[in-house]
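**Q** Model the structure of this input:
(4 chains)
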There are 2 protein chains.
Amino acid sequence: MAELKPARRRRKMQSVTMADVARLAAVSPSTVSLYLRKPSEVSPAISERVRTAIDQLNYVPNFVAGGLASAGSRVVSIVVPSVRNAFFSSTVSQIEAALAQDGILTLVGNNEYSLEVEESLVRAALSWAPAAIVLTGLKHSHATIRMLRDRTVPVIEMWEAAPEPIMSAVGFSHHKVGFEMANHVLSKGYRRPVFVGARLSRDVRAAQRAAGHAAALEARGIRPTLVEDPRAASTRLGCDLLDRVLGEHPECDVIVCSSDVIALGIVFEAGRRNISIPGRIGLTGFGNLEFSATCNPAITTVEPNSDRIAGEVVALIRENLAEKGTSPVRSKVIDTGFQIIARDSL
Amino acid sequence: MAELKPARRRRKMQSVTMADVARLAAVSPSTVSLYLRKPSEVSPAISERVRTAIDQLNYVPNFVAGGLASAGSRVVSIVVPSVRNAFFSSTVSQIEAALAQDGILTLVGNNEYSLEVEESLVRAALSWAPAAIVLTGLKHSHATIRMLRDRTVPVIEMWEAAPEPIMSAVGFSHHKVGFEMANHVLSKGYRRPVFVGARLSRDVRAAQRAAGHAAALEARGIRPTLVEDPRAASTRLGCDLLDRVLGEHPECDVIVCSSDVIALGIVFEAGRRNISIPGRIGLTGFGNLEFSATCNPAITTVEPNSDRIAGEVVALIRENLAEKGTSPVRSKVIDTGFQIIARDSL
DNA sequence: GTGAAAGCGCTAACAT
DNA sequence: ATGTTAGCGCTTTCAC
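**A** Prediction:
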């Protein structure tokens, strides 16, 4: 009796593999692989056979294995504060759509405006050996930055631009937004602005807009006023805050909001109380969200050019993909600017 | 000159690997692996050494390799029509957050309400050998269904419930939503409802609500009226559609919208034209979006229990993960229901 | 143009 | 409790 060593138990994860296709098409696996990646380099006859085999077996390639073997994963990770926030969800879906054209998969993570959560998201993202990693904003935990600097992954920070990014940044200065909006409001004749913000301790960019606003007022000798709430921005919060503003600062003649969502709540509440906007009080928002143009009154706001941000992020990713470790990825800061959109609320 | 055969080019993808950690800690790679997966099975002394080595090298494990080796990927794919839609983005972020607790990564894809796009997303998703795949709705292309039936991946369809899902479904009947909303409107004394919908040919669920609405009216002998627009739902669209409704159906006494977003636009436009809601005309929406409760008037709408949907989806995924191919995954349909939220717009 | 062979970084069965 | 070893499914030289 031959002593058969018992066959190692087969842990099978995938029903039909490239090897199965190769067998059926009577070619080698590497030919199938070639056909899948560079069809033009395979002869028509064999192409036909492989195609038939793939169809017949309903074969779906395994990217996990592919990524491991090629050392070049087709994954890009994006970390945003919140996908529920219209700014970020639209940026993300644009980036996603563009990269999908290149056969790149986009992983999205929410940090819920927490730097600690961001840190673990980045760690998870790195575990996927991404081709690039996109973060929101320039402020990150020390550990996050260390993790990122230690490796060669291209890092793109978006929605904020300032001199020293980890690698590249695409966005604009939120301080400048606050500054210019304050000047805009003053130019319209208002003199007692109140900045209304939500969750400013966590929403770093909104805090910068508040700071820019304050700086502009101080430059003109006006004392800046801030009303802040720890809750997340919402229309409901806007309703509540109108109360607080009017109570705490009855002299207020214009409310500068950190978000259109809050401004919308203020419009609603003002309507309910018969407070005329812009008669009794002026109003501005941020984000140029869809409803801002159509509401009554239409809200003066800031267009953050999120399409442009998405476009530049995609361009940077493609650039990095092309260079693929050839030349060193240079640091780059792209300022996509912003525009103040003047409407009836002022 | 010695003729050196050039060393096989090293394509290095990762700077520091488990082998490096093992070397530094003076243990075998499998011990490091064990420490990472089941720390309790490694002696304290060695644990300490491994931990130090990991810290020192700033090691991040490679999930791609791990997934390939273990045949059990920690990935779940979700396909939604649009992340810009507040319903789906909140469901997705809830599922994401819950699964993150279990160390599972969530991949999100948008099909932009297209079944063809969905098909390619599902194909891409399968390429990641996901632990489960979550789709939105019950209608999919023939090829999508075939791909899914052919393999063993657990499939969960959400936001819609009906008898024969691919495997499991979590949601509610949109037909019933339309039906009950119509009856609710009639019970309030309205007699000439117009259903206003956006992109009904692609938004299958909205179309079902329209059908349910029509069915209820017909049952009461009232001729159903539909105003439809091929564009995506937006407040701007709502503004435009009020015009059309009033022009084409001057007898209309209530507008039943396929979405709160459209209803909001109608509120805005009605305000502009001094058309009283609910005086001259009643209004209802769908989705119970945040602004619906605070706008003037507050919008009567439908709460889709998206939290409950997310919760049940997560529960199903966990169940499947636990069973892990042990017992066959049985088909299951969970009706999470919905509630009509009566507010001032009616 | 096609195939053989050597891994990518990790896990898991098995042996110690 | 720790180490040895054989792959997971694919890509990529390199030889033919």
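**Q** Double-check residue A:107 against residue A:128; I have them as touching.
**A** Yes - checked against C-beta atoms under 8 Å, the pair residue A:107 and residue A:128 is within contact range at 6.6 Å. Every residue, glycine included, has its C-beta placed from N, CA and C.
**Q** Residues that sit against both of the two, list them.
**A** Residues touching both residue A:107 and residue A:128 (C-beta atoms under 8 Å, 6 or more residues apart in numbering or on different chains): A:75, A:77, B:105.
**Q** In strands, which of these fall?
**A** Within the shared contacts of residue A:107 and residue A:128, membership in strands is found for A:75, A:77, B:105, as judged by DSSP state E.
**Q** okay if I get those as JSON lines plus pLDDT and neighbour count?
**A** As requested, those are exported to JSON lines (pLDDT from 0 to 100; neighbours: other C-beta atoms under 10 Å in any protein chain shown):
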{"residue": "A:75", "pLDDT": "83", "neighbour count": "22"}
{"residue": "A:77", "pLDDT": "89", "neighbour count": "25"}
{"residue": "B:105", "pLDDT": "79", "neighbour count": "25"}
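**Q** right, and out of these, which lies closest to DNA strand D?
**A** The closest of those to DNA strand D turns out to be residue A:75 (C-beta to the nearest atom of the strand; 13.9 Å).
**Q** Next, count neighbours for residue A:243.
**A** Look at residue A:243: counted by other C-beta atoms under 10 Å in any protein chain shown, it has 12 neighbours.
**Q** CA atoms only: put whatever helix or strand it lives in into CSV for me.
**A** Under the criterion DSSP states H and E, the helix or strand holding residue A:243 is helix A:235-248. Coordinates of each C-alpha in helix A:235-248 appear next as CSV, following Å, rounded to 0.1, in the frame of the first residue of the first chain:
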residue,chain,number,x,y,z
THR,A,235,-31.8,73.7,10.3
ARG,A,236,-33.3,73.0,13.6
LEU,A,237,-30.2,74.4,15.3
GLY,A,238,-30.5,77.5,13.1
CYS,A,239,-34.1,78.0,14.4
ASP,A,240,-32.9,77.8,18.0
LEU,A,241,-29.9,80.1,17.4
LEU,A,242,-32.0,83.0,16.0
ASP,A,243,-33.5,83.1,19.5
ARG,A,244,-30.1,83.2,21.2
VAL,A,245,-28.8,85.8,18.8
LEU,A,246,-31.7,88.1,19.3
GLY,A,247,-31.7,87.6,23.0
GLU,A,248,-28.0,88.0,23.7
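**Q** For the next helix or strand after it, buried residues please.
**A** Under the assignment DSSP H and E, the closest C-terminal helix or strand after helix A:235-248 is strand A:254-257. Within strand A:254-257, the residues scored as buried using 16 or more other C-beta atoms under 10 Å in any protein chain shown are A:254, A:255, A:256, A:257.
**Q** who touches the last one in this structure?
**A** The neighbours of residue A:257, taking C-beta under 8 Å, 6+ apart as the test, are A:195, A:196, A:197, A:238, A:263, A:266, A:283, A:284, A:285, A:286.
**Q** Just give the nearest non-adjacent residue to the third one, would you?
**A** What it means is residue A:197. The shortest distance from residue A:197 to any residue other than its chain neighbours is 4.0 Å, reached at residue A:258 (C-beta to C-beta, 6 or more residues apart in numbering or on different chains).
**Q** so where's chain A uncertain?
**A** Scanning chain A for pLDDT under 70 picks out A:1-14, A:71-72, A:323-330.
**Q** for it, which helix is longest?
**A** Within chain A, and with DSSP state H defining each element, the longest helix by residue count is helix A:306-323.
**Q** what does that one rub up against?
**A** Helix A:306-323 has contacts (C-beta under 8 Å, 6+ apart) with A:76, A:87, A:90-91, A:94-95, A:98-99, A:102, A:104, A:131-132, A:134, A:154, A:156, A:158-159, A:168, A:170-171, A:329, A:332, A:334, A:336-337.
**Q** Stretch A:199-213 now?
**A** A:81, A:113-114, A:137, A:139, A:159-160, A:173-182, A:193, A:195, A:197-198, A:224, A:226, A:228-233, A:256, A:258-259, A:286.
**Q** buried stuff in it?
**A** Applying 16+ other C-beta under 10 Å to stretch A:199-213 flags A:199-200, A:202-213 as buried.
**Q** Quick one: the helices in the stretch 1-150 of chain A, in order.
**A** In the stretch 1-150 of chain A, the helices defined using DSSP state H, counting those that start in this stretch lie at A:18-25, A:29-37, A:44-57, A:63-70, A:86-101, A:115-127, A:142-149.
**Q** The first one - contacts with which helices or strands?
**A** If I follow you right, that is helix A:18-25. Under the contact criterion of 3 or more C-beta pairs under 8 Å, 6 or more residues apart in numbering or on different chains; DSSP states H and E, helix A:18-25 touches helix A:29-37, helix A:44-57.
**Q** Deepest-packed of those, please.
**A** The densest packing among these, expressed as mean neighbour count by mean count of other C-beta atoms under 10 Å in any protein chain shown, is seen in helix A:29-37 with a mean of 18.
**Q** is any part of that one close to DNA strand D?
**A** Yes - using C-beta under 7 Å from any atom of the strand, we find that helix A:29-37 touches DNA strand D at A:29, A:30, A:33, A:34, A:36, A:37.
**Q** Could you list which of the contacts of helix A:306-323 also contact chain B?
**A** Near chain B, judged by C-beta under 8 Å from any C-beta of the partner chain, the entries from the contacts of helix A:306-323 are residue A:90.
**Q** Is it possible to mark the buried ones in the contacts of helix A:306-323?
**A** A residue is treated as buried here by neighbour count (16+ other C-beta under 10 Å); on that basis the buried members of these are A:76, A:87, A:90-91, A:94-95, A:98-99, A:104, A:131-132, A:134, A:154, A:156, A:158-159, A:168, A:170-171, A:329, A:334, A:336.
**Q** so what's residue A:185 up against?
**A** Residues touching residue A:185, when contacts are defined by C-beta under 8 Å, 6+ apart, comprise A:193, A:254, A:256, A:282, A:284, A:346.
**Q** Across the sheet, point out what pairs with the closest residue to the fourth one other than its chain neighbours.
**A** Beyond its immediate neighbours in the sequence, the residue positioned closest to residue A:282 (C-beta to C-beta, 6+ apart) is residue A:254, lying 3.5 Å away. When bridges are assigned using DSSP bridges, the partners listed for residue A:254 are residue A:193, residue A:282.
**Q** Next to DNA strand D, which bits of the stretch 101-250 of chain A? Give me the list.
**A** So far as C-beta under 7 Å from any atom of the strand goes, the stretch 101-250 of chain A does not lie against DNA strand D anywhere.
**Q** What are the boundaries of the strands in the stretch 101-250 of chain A?
**A** For the stretch 101-250 of chain A, applying DSSP state E, counting those that start in this stretch gives strands covering A:105-110, A:132-136, A:155-158, A:168-171, A:193-198, A:226-229.
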